[in-house]
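In: take this sequence and fold it.
(one chain, ligands or ions: 2)
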Amino acid sequence: MDPDAASQASAGPSPSGVGPSAWSPESWRDRPALQQPRYEDPEEVRSVVAQLKALPPLVTSWEIESLRGQLAEAARGNRFLLQGGDCAERFDECTPDRITSKLKILLQMSLVLVHGGGRRVIRVGRFAGQYAKPRSADMETRDGVELPSYRGDNVNLSSFDAEARRPDPARLIRGHTCSAMSLNFIRALIDGGFADLHHPEYWDLGFVEHSPLRAEYERMAESIGESLRFMESVADATVGQINRVDFFTSHEALVLLYESAMTRSVPHREGYWNLSTHMPWVGVRTGDPDGAHVEYLRGIRNPIGVKVGPSTDTQSLLKVLDLLDPDDEPGRINLIHRFGAHEIGRGLRPVLEAVKATGRTVLFCCDPMHGNTETVVPGSGPWEGMKVKTRKFAHILAELEQAIEIHERVGTLLGGVHFELTGDDVTECTGGARGLTDEDLARSYRTHVDPRLNYEQALEMAMLIAKRMGRGPR
Ligand code: PEP
Ligand code: CO
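Out: Ligands and ions are numbered 1, 2, ... in the order given. Predicted coordinates:
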């Protein structure tokens, strides 16, 4: 962030290290803010922030409170959270087909999970605002040319040229617009009842033929279809009309100028809400208890996702929990662990035990994606010899299975899952029933950041979790 802009709006709490002081939507400006774009023109930044502050919110405090209540039930084991969507959304993918397909896969996965787990499922999209990305390096070098890293469409463009990579504050306004358009369409689809997307007749189940579990998958889809038809005939309505389909959004609260500009108070209620999303989360790179992100998040009333991984220090995490959730409010904290299939066996247990020992009620979720990213060099095919980021279906599943077991052993509860996925037929992760290989990656690799499960892989993953959750087909 531009240091000039930061000093202009300082709200003046005392520095870190002396415990929480007065909070305001701007108090983060006095803390070290990692992963912020470096804008060139402070005047332009001020103008963009003023425009954002005047724009309508994207969600309401009532919806946020409703989500918090549902997350509290999930933390007690009475609901299950399904959070999923792109690693990084893109403005040019704010199109009706892409939005529909993402919603469709999340809805279908949620039906499979309800069927398998017998718990109501809370659906939270990683979308309508997931436009900013933390990066491990500030700069990227290609053929001797060094440019700022791509930080998501809210900041710059991914193509490798100087103009595209220049952080442009006006993109934050475009981010708000694309989020609003996405959410408007999602709300319309949901109000329309979504009947066709519910029914297994509309599911693309071609992949099951390739699976040894084919018969089980078919029985599961058939049984879900029968339950839906039964409910609809009894109630003489579509499922969309019977059960109001709740749908919530989330994104990483990363670019604090944007998040704080969307932070509002509302009439007749005390406190502040981030009204750009229902559930912002803090990533592993910005989770320092003394940093600007935790400072910002501690003062808003939304439920908050907190990512933890191999680099998380348990004492810092406990401090973060004290800061973000001093009153131990059920539904406030969604602790999202992402260790990777090879690290979870070592890393998760101490975190769970430490949190359990505090007596807090937090919701634990597993993100089996971010610890399982690897770089491969396909041996043949169009991308032979190139480095490609991917994830293996088997590793993703293995992390989830271990997560369930470790929670069972510690006496905590896995209350949800967090995926990077798309409703489209991309080839970014390998494995799954169709057995995608490294050589297949070039066929339809579209992500600009992390690799996502495609439609079939996501549905299959839901079926396998449902099976593991105990009420799936045996
Ligand atoms: C993400 O969720 O896209 C992300 C960057 O995650 P993490 O902070 O867990 O690495
Ligand atoms: Co990601």
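In: which residue, other than its chain neighbours, is closest to the closest residue to ligand 1 within the stretch 351-474 of the chain?
Out: The stretch 351-474 of the chain approaches ligand 1 most closely through His370 (4.2 Å), counting by C-beta to the nearest ligand atom. Quick note: C-beta positions are derived from backbone N, CA and C, even for glycine. Leaving out its chain neighbours, the residue that sits closest to His370 by C-beta to C-beta, 6 or more residues apart in numbering is Arg338, at 4.2 Å.
In: give me the neighbour count for the one you found.
Out: 26 (other C-beta atoms under 10 Å).
In: and for the residue of the stretch 351-474 of the chain closest to ligand 1, the neighbour number?
Out: Going by other C-beta under 10 Å, the residues that sit close to His370 add up to 21.
In: ok, now which ones touch the residue nearest to His370?
Out: Val284, Lys307, Val308, Gly309, Cys366, Asp367, Pro368, Met369, His370, Gly371, His418 (C-beta atoms under 8 Å, 6 or more residues apart in numbering).
In: ditto for Leu205
Out: Tyr217, Glu218, Ala221, Leu459.
In: specify the local secondary structure of the last one.
Out: For Leu459, the secondary-structure state derived from DSSP: H, G, I helix; E, B strand; the rest coil is helix.
In: run through the residues that contact it.
Out: Listed by C-beta under 8 Å, 6+ apart, the contact partners of Leu459 are Ile105, Gln108, Met109, Val112, Trp203, Asp204, Leu205, Phe207.
In: can we see that at 10 Å?
Out: Residues near Leu459 by C-beta atoms under 10 Å, 6 or more residues apart in numbering: 105, 108-109, 112, 203-205, 207-208, 217, 221, 421, 423, 432-433, 453.
In: generate a PyMOL selection restricted to the buried entries among those.
Out: To isolate the buried members of the contacts of Leu459 in PyMOL, using 16 or more other C-beta atoms under 10 Å:
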select buried, resi 105+108+109+112+203+205+207+208+217+221+421+423+432+433+453
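In: from the contacts of Leu459, which land in strands?
Out: When the contacts of Leu459 are checked against strands (DSSP state E), there are no matches.
In: the contacts of Leu459 in helices, which ones?
Out: Of these, the ones assigned to helices by DSSP state H are Ile105, Gln108, Met109, Val112, Tyr217, Ala221.
In: buried stuff in stretch 396-408?
Out: Buried residues in stretch 396-408, defined by neighbour count with 16+ other C-beta under 10 Å: Ile396, Leu397, Ala398, Glu399, Leu400, Glu401, Gln402, Ala403, Ile404, Ile406, His407.
In: next, format those residues as CSV and append pLDDT.
Out: Putting the buried residues of stretch 396-408 into CSV (pLDDT from 0 to 100) gives the following:
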residue, pLDDT
Ile396, 98
Leu397, 98
Ala398, 98
Glu399, 98
Leu400, 97
Glu401, 96
Gln402, 97
Ala403, 97
Ile404, 96
Ile406, 97
His407, 97
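In: if we can go back for a sec, which residues touch the residue of the stretch 351-474 of the chain closest to ligand 1?
Out: Per C-beta under 10 Å, 6+ apart, neighbours of His370: 87, 283-284, 307, 309, 336-340, 391, 399, 418, 420, 450.
In: for it, grab phi and psi.
Out: phi -70, psi -20 (degrees, to the nearest 10).
In: and the gap between it and Arg38?
Out: Distance of His370 to Arg38, computed by C-beta to C-beta, to the nearest Å: 25 Å.
In: looking at the closest residue to ligand 2 within the stretch 301-450 of the chain now. What's its pLDDT?
Out: Residue of the stretch 301-450 of the chain nearest ligand 2, by C-beta to the ion: Asp450 (3.5 Å). On pLDDT, Asp450 comes in at 96.
In: that one: neighbouring residues, count only.
Out: Asp450, neighbours per other C-beta under 10 Å, totals 18.
In: which among the buried residues of stretch 396-408 gets closest to Gln83?
Out: Leu400 (13.5 Å; C-beta to C-beta).
In: secondary structure class for Leu81?
Out: Classified using three-state DSSP, Leu81 is strand.
In: sorry, slip of the keys, the one I care about is Ala22.
Out: Using three-state DSSP, the structure places Ala22 in coil.
In: ok, now how distant is the closest residue to Ile190 other than its chain neighbours from ligand 2?
Out: Among residues not flanking Ile190 along the chain, Val245 sits closest, at 5.1 Å (C-beta to C-beta, 6+ apart). With distances taken as C-beta to the ion, to the nearest Å, Val245 is found 26 Å from ligand 2.
In: on the pLDDT front, check Val245 for me.
Out: Model confidence at Val245, expressed as pLDDT, equals 70.
In: wasn't it part of a helix?
Out: No - using three-state DSSP, the secondary structure at Val245 is coil, not a helix.
In: what is the neighbour count of it?
Out: Val245: 19 neighbours (other C-beta under 10 Å).
In: again, but for the one 4 residues further on
Out: A total of 27 residues lie near Thr249 under the criterion other C-beta under 10 Å.
In: how about Val266?
Out: 16.
In: do I have it right that it meets Ser61?
Out: Yes - contact criterion C-beta atoms under 10 Å: Val266 and Ser61 qualify, at 4.8 Å.
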